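**Student:** next comes the sequence, and after it the predicted model I'd like to discuss.
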Amino acid sequence: MEENLMFLEVSDKVYDENSIRELSSLALAFLGDGVFELLVRTSLLNKNKNPKTLHVQAIKSVKASAQARKINAIIDELTEEELQVYRRGKNAKSHTRPKYADIMDYKEATGLEALFGYLYLLNRGSRILELYKKMEDE
């Protein structure tokens, strides 16, 4: 993977730290979920497997329990700012209950996704990749 993620400019809105703080943590998690899944799918492409196997492996990597393990592997690597965003996402009040996940795993996964959404909107692709590689190494 490249050292930076391509930032998609799909709207006229420019995000800075203040405008991102105005977004809900669940909105950041919504975006971060897509960023995380894209990273997982891209890394799986190097495995030369058939599409069904790739899909099954991707699901295993993006489910809440896997994301909870991954965030716990890098929690000590986060800056204070990143930790604050993660905690805000983790503590966000979701109006749905997870069907196939433990509630704590779900909250930790939401925190991770919020962090990735935050970093993405700030165009910090190299930091996202750095954290993702550390999670994969664990």
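**Tutor:** Yep, that arrived. All of these numbers come straight from a predicted model, not from anything done at the bench. Numbers count the residues shown, from 1 in each chain.

**Student:** let's check: the centremost residue of this protein is which one?
**Tutor:** Closest residue to the average C-alpha location of the chain: residue 113 at 3.3 Å, with CA atoms, centre = their mean.

**Student:** that one against residue 32, yeah?
**Tutor:** Yes - at 3.6 Å, residue 113 counts as touching residue 32 under the criterion of CB atoms under 8 Å. C-betas here are computed from N, CA, C, even on glycine.

**Student:** joint contacts of those two?
**Tutor:** Counting by CB atoms under 8 Å, 6 or more residues apart in numbering, the contacts common to residue 113 and residue 32 are residue 89.

**Student:** from residue 93, how far out is the residue of the chain positioned farthest from its centre?
**Tutor:** Computed with CA atoms, centre = their mean, the residue of the chain farthest from its C-alpha average is residue 50, at 25.0 Å. To residue 93, residue 50 is 40 Å away according to CB to CB, to the nearest Å.
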